[in-house]
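1. Fold the stuff below for me.
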Amino acid sequence: MQEDFPALADLKAGSDKAWTIAFARLWPVALRVSRQSTSHLSLAEAEEAASDAIRSAVDQIDQIRGEPELFAFVAVVARRKAISILREKLASKRGSGVLASSPESDIDELSSVSQSTASEITNAEMVLLLYEALNQLDPESKELLLEKYVEGFSYEELSRKHGIPVGTLCPKLMRALEKLRRVLKKSPALMKELHEFLRS
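-> Purely as a prediction, here's the structure:
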């Protein structure tokens with residue numbers, strides 16, 4: 001089992017141990033968001049965006065009010081940095097006269113990024129709502145759902161990590177999702193939005 005996410009007070013106090021634990025949980029989220037934001041970034045560029053997001057979180061920790069807000073902050077900054085790197089990359093290609101892709105595909109990529117910027121805030125809100133709901137679950141259910149749907153672990157990775165056969169793990173996740181649905185049952189519209197977010 002992973003260590004509990006450190007207390008916000010410990011992060012604000014600059015505890016090395018707290019930040020080491022926080023980094024291990026925040027990094028997979030930041031990297032996943034960076035890589036999903038645009039298909040035109042290399043792994044190194046996505047890692048740069050993720051690193052920038054976590055550095056920003058360290059710098060802004062005094063303004064952050066809780067664990068859910070910290071995860072949402074990192075996700076939003078990682079996405080914005082990935083988009084910024086893409087724009088710089090495309091501008092550099094045009095300035096040097098080297099085009100690895102066609103101008104039309106570059107325009108399409110930037111257009112798709114611009115159209116998805118509005119959903120960035122919605123996704124951050126969904127992360128906040130997800131964490132608030134998860135905090136009402138038992139520790140095992142919360143951890144499995146976070147690792148599967150936020151940190152992006154595969155069933156095989158979760159099975160190895162927790163020493164649970166895949167055949168047992170899948171029903172555990174189904175039960176955890178059912179618990180989450182019960183927490184959210186008072187808001188059918190929110191549950192539908194969250195379901196779409198988890199599928200994305």
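2. Double-check Ser56 against Ala78; I have them as touching.
-> No: with contact defined as C-beta atoms under 8 Å, Ser56 does not reach Ala78; the gap is 9.0 Å. (C-beta placed from N, C-alpha, C; glycine too.)
3. more crowded one of these two?
-> A count of neighbours by other C-beta atoms under 10 Å puts Ala78 above the other of Ser56 and Ala78, at 29 against 18.
4. which stretches of the protein have low pLDDT?
-> Within the chain, the segments meeting pLDDT under 70 span 1-3, 37-38, 93-132, 150, 186-200.
5. so where do the helices sit in it?
-> Under the criterion DSSP state H, helices of the chain are mapped to 8-12, 16-37, 43-60, 67-96, 103-134, 139-145, 155-162, 166-184, 188-199.
6. What residues of stretch 61-69 count as buried?
-> Residues Ile61, Ile64, Glu67, Pro68, Glu69 are the ones in stretch 61-69 that count as buried (16 or more other C-beta atoms under 10 Å).
7. same thing with stretch 176-187?
-> In stretch 176-187, counting by 16+ other C-beta under 10 Å, buried: Ala176, Leu177, Lys179, Leu180, Leu184.
8. what's the farthest-apart pair in the residues you listed?
-> For those, with distances taken as C-beta to C-beta, the pair at the greatest spread is Ala176 and Leu184 (12.9 Å).
9. Excluding chain neighbours, what is closest to Leu180?
-> Distances taken as C-beta to C-beta, 6 or more residues apart in numbering place Ala133 nearest to Leu180, at 5.8 Å, with adjacent residues excluded.
10. I'd say that neighbour and Lys185 touch.
-> No: applying C-beta under 8 Å, one finds Ala133 not in contact with Lys185, separated by 10.7 Å.
11. could you dump the buried residues of stretch 61-69 to TSV with distance to Lys142?
-> Below are these laid out as TSV (distance: C-beta to C-beta, whole Å):
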residue	distance to Lys142
Ile61	22
Ile64	20
Glu67	11
Pro68	12
Glu69	17
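12. Could you identify the most distant pair in those?
-> Taking C-beta to C-beta, the two most distant members of the buried residues of stretch 61-69 are Ile61 and Pro68; they sit 14.1 Å apart.
13. and the residue nearest to Leu180, how many residues sit next to it?
-> Ala133 has 22 nearby residues by other C-beta under 10 Å.
14. try Phe71
-> Using other C-beta under 10 Å, the number of residues around Phe71 comes to 25.
15. Roughly how far does it sit from Ala46?
-> Phe71 sits 18 Å away from Ala46, taking C-beta to C-beta, to the nearest Å as the criterion.
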